[in-house]
Structure formats: structure tokens, C-alpha cells
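> sequence unknown, structure follows:
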């Protein structure tokens, strides 16, 4: 036990020291392996993506445009989705053969990819399943979602979170293409991950997902949007009290730098176009300042912009970077004090109400926030299935404490 404590303290101290070191990483999006453009050769997309990889491999020790800083060797490349055009085997093989995972293919750095809408379909979960399998071999992860798809890691005192398609629960039924356009409970993972590894430390956080804050992401030609206003509100409620240094998204194939509800957000351009070289972000952090260079794959810079970032307070236990990724609990996980059968949630995540099956007579329920504030007491319930109204609660994670004559325990619920 003493040895484990010492190791933990050393890890925390090293993370604090690393915040003073320089860090370079790259952010790319929308390589769309398998797509074709009218009037271009069939291998056009593969060739322009290869051009981007080769430029990334040369980016170390480059002068950033308009500033005094130079890049260092990138720690990795973060990808914000649409790796394939149609979620098919040949396209995924082309992606893996070019971009690799740990620097073993043409790209010489570790890769941290997420999937986009083109990587999903009703007929197959090919890309999502492949990312889940790759996460078992991905370098330096801190945490995985309960299903192994979403993940987080730490570099130099900054916490990184990959949420794939977008932060959400089941997916809003009014969203465009809602039959397969699902966020796979990424909001649950985000809330758990921030509470577990960031807490009140003020650690800077960077978040990555496919849909974002451009007009196309939010409105999809007037067809309900790829994600909804309510989902963005739920997202904001989960991150508003943390030190969010930046949110990066793809999808539109365009560059943008703007504020969303006071948070700096960045639209990552595509690595391929029909009539020009692709682009990507070169992000360099040094002495509390982040520089983002917009780089074209033809070896030219377009522009750069800077912002200050603040680092964590004194180290706490929540700042540990685990060598083996910690796995998040599933949304329906219950903590039970005895082997007696606990109440079972029949709906989770929930919206306006949740349904619970009571197996022991006279079981009382109490609803709490994650900070321990009691919100609601439900009188002792008889055996059977009961529906509890929670319409007035904001989106987030809540605890339902249950108690009867022989046992007690806690259920965790996520309200969308």
C-alpha cells in the first residue's frame, strides 16, 4: 500500500512538471477513403491523403507562421471522423494502411481517431468495431468508455477526450438520419471522465468529436440538424465548470475559429479536396500559450492564432494518469451493499421520467445530485414496476439511493 501511494505521488508530481514542457500535436479530419470526385483519377483521394501524411512527417522543428515558436516532434495525430466514405472494408483497409495506429505505417506518429457519420450505416458497424479493437492497443490511454469506444488520455498536464460522433446519449429522435446517427452514450463517458480525472484541479481539457458548431452540423439543410439544440445544451451543462482549453470538430470540411458560449472551438478542415491540397491543424503549447497553425499539405502555412491556457492547481488524486486504462461504468451500473436483489432501472439514460422495477416490498427511493444534494424523496414503494417523474431536472448524472428493511444501495442514472 505504501509503495502504491509513493508511485501515485510521483506520477502526480511528474504530471505537474510536464505542464512546463513544450507539446506539439496535430489535428486532422475527413480523409474520406473511398470517395471519388468527377473529373479526377480514381486514386485522387488516396494520393492527396498521402501528401498530408508525408507533410505531417516533416512538421517537426518547423517555424510556426507569424510567431517565434517552433514545433517539436508531434506526440500524435488526433482525427475527428469520416475516415471512410461508406463504412466498407476496402476503405477501412486503405485508412489503416496509410495512417496506422502506433506509427508503424506511413504516418510516423501515434493516431487517436474517432468515427464520423460516413463511418456509420444501418448495415454495418465495421469502423466503430475496429476503433473499439484498436483502443486495446492504443498508446497511453487514461480511460475507456464502458463499451470501449470513447477514450481519454493525458499529455503534458492536458487532458484529452475523444468522443467520436458527438457528445450525447441515445440520440435525439428528431436528428437528421436518426436511425443510425447515434452518439453511443458519449455524454455519459464525458461526465464520468471529467469527474474522475479532472475534478476541481483546473486541468486544461481538450475535446474532439465530429459534429460541431457550424451551420451544416447544427441544421443539416433544414432537416433537423445532425445534433440538436437540446443535445448541445446538455453538453454545455456537463463542461461549463471545467477548464476547457478547446473543442475541435470536423464534418464541414471547412476551417473556423470562434467562441461557443465562451469556449474556444475550432473547425478542423479536411485532409482531401477535389481541387486543392488538404489541410490540418498544428497545435503547439509552450509556457502556457497555445498556438494553432493552419497548415496545408502542400507544405505551406495559411495562418496561426494563439491563446493562453491555465494549468492545474496543486496535484490531487484525480490527476493520476493510469498506465492501464480505467474503464467507465455502464449507464445502468448499480452499487449494491448486499446480495439481495436491488431495484432494476428499466430506462437509462432517461428523459422526462424513469421506470424502476421494485423486487422487495416497502423500498424507498431518494434522488441526489453527484455532489450529494437531495432533490426528491419517493415514499416506500410496493413490489412491481413504477414510473418516476423527473421532467424538471436539468440534464446530467444523478444517484438514486434505495433502501428497504434488509438492504440498501445506489443506482446511477443519466438524464438526457
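Sure thing, it's come through. Since the model is a prediction, treat every value here as computed from it, not as a measurement.

> buried set for stretch 187-200?
By 16 or more other C-beta atoms under 10 Å, the buried positions in stretch 187-200 come out as 187, 188, 189, 190, 191, 192, 193, 194, 197, 198. Quick note: C-beta positions are derived from backbone N, CA and C, even for glycine.

> Confirm that the second one sits in a helix.
Yes: applying DSSP: H, G, I helix; E, B strand; the rest coil, one finds residue 188 inside a helix.

> Assess the claim that it and residue 328 are in contact.
Yes: Residue 188 lies in contact with residue 328 (C-beta atoms under 8 Å); the separation is 7.5 Å.

> shared neighbours, these two?
145, 146 (C-beta atoms under 8 Å, 6 or more residues apart in numbering).

> what domains does the record give for the chain?
Following automatic domain parsing, the chain resolves into domains at 2-327, 334-415.

> Which residues does stretch 122-131 contact?
Applying C-beta under 8 Å, 6+ apart, the contact partners of stretch 122-131 are 83-84, 87-89, 92, 96, 113-115, 119-120, 149, 164, 179-180, 184.

> Could you give me the PyMOL selection string for whichever of these are buried?
Restricted to buried positions by 16+ other C-beta under 10 Å, the PyMOL selection for the contacts of stretch 122-131 reads:
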select buried, resi 83+84+87+88+92+96+113+114+115+119+120+149+164+184
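
> Inside helices: which ones of the contacts of stretch 122-131?
Of the contacts of stretch 122-131, the ones assigned to helices by DSSP state H are 89, 92, 96.

> quick one: which of those residues is nearest to residue 388?
For these, the residue nearest residue 388 by C-beta to C-beta is residue 92; the value is 43.3 Å.

> these two touch, right, the closest one and residue 86?
No: in this structure, residue 92 is not within contact of residue 86 by C-beta under 8 Å, at 10.0 Å.

> Now do the contacts for residue 142.
151, 152, 153, 154, 159, 197, 321, 322, 325, 326.

> count of residues packed around the last one?
Counted by other C-beta atoms under 10 Å, the residues lying close to residue 326 total 15.

> Which parts of the stretch 201-350 of the chain are strands?
Remark: strands assigned in the stretch 201-350 of the chain by DSSP state E, counting those that start in this stretch are 205-209, 244-249, 256-260, 263-267, 279-286, 289-296, 301-308, 326-327, 334-336, 344-345.

> Point out the most buried one among these.
strand 205-209 (a mean of 25; mean count of other C-beta atoms under 10 Å).

> other SSEs contacting it?
Applying 3 or more C-beta pairs under 8 Å, 6 or more residues apart in numbering; DSSP states H and E, we find strand 205-209 packed against strand 77-80, strand 111-114, strand 158-162, helix 186-197, strand 244-249.

> that older thread, mean pLDDT lowest for which of the domains of the chain?
Sorting these by mean pLDDT places domain 334-415 lowest, at a mean of 75.

> if I look at residue 188, how far off is residue 366?
Using C-beta to C-beta, to the nearest Å, residue 188 is found at 22 Å from residue 366.

> returning to what we had before: as a markdown table, the helices and strands packed on strand 205-209 with distance to residue 51 would be great.
A markdown table is the format used below for the helices and strands packed on strand 205-209 (distance: least, C-beta to C-beta, whole Å):
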| stretch | distance to residue 51 |
| --- | --- |
| strand 77-80 | 15 |
| strand 111-114 | 17 |
| strand 158-162 | 25 |
| helix 186-197 | 32 |
| strand 244-249 | 22 |
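
> how about the ones you listed, which one is nearest residue 139?
With C-beta to C-beta as the measure, strand 111-114 is the member of those nearest residue 139 (8.7 Å).

> Partner strands of that closest one, with direction?
The strands beside strand 111-114 in its sheet (DSSP bridges) come out as strand 77-80 (parallel).

> Give me the contacts around the partner strand.
25-31, 56, 99, 107, 109-114, 116, 160, 162, 208-210, 248-251, 268.

> again, only this time at 6 Å
Residues outside strand 77-80 that contact it (C-beta atoms under 6 Å, 6 or more residues apart in numbering): 26-29, 109, 111-113, 208, 210, 248-250, 268.

> And for stretch 168-177?
Stretch 168-177 is contacted by residues 178, 181-183, 185, 187, 220, 223-224, 226, 228, 231, 349, 416 when judged by C-beta under 6 Å, 6+ apart.

> Give the buried residues for it.
By 16+ other C-beta under 10 Å, the buried positions in stretch 168-177 come out as 168, 169, 170, 171, 172, 175, 176, 177.

> List the buried residues of stretch 365-382.
Buried residues in stretch 365-382, counted by 16+ other C-beta under 10 Å: 365, 367, 381.

> nearest to residue 63, of those?
Using C-beta to C-beta, residue 367 is the member of the buried residues of stretch 365-382 that lies nearest residue 63, at 56.2 Å.

> Mind giving me the packing neighbours of the helix or strand hosting the closest one?
Using DSSP states H and E, residue 367 sits in strand 363-369. When contacts are defined as 3 or more C-beta pairs under 6 Å, 6 or more residues apart in numbering; DSSP states H and E, strand 363-369 packs onto strand 374-381, strand 396-403.

> Same list as before, the ones you listed that is, but in CSV and with distance to residue 259 included.
Listed next are the helices and strands packed on strand 363-369 as CSV, based on distance: least, C-beta to C-beta, whole Å:
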stretch, distance to residue 259
strand 374-381, 32
strand 396-403, 23
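
> how about those, which one is nearest residue 68?
strand 396-403 (43.0 Å).
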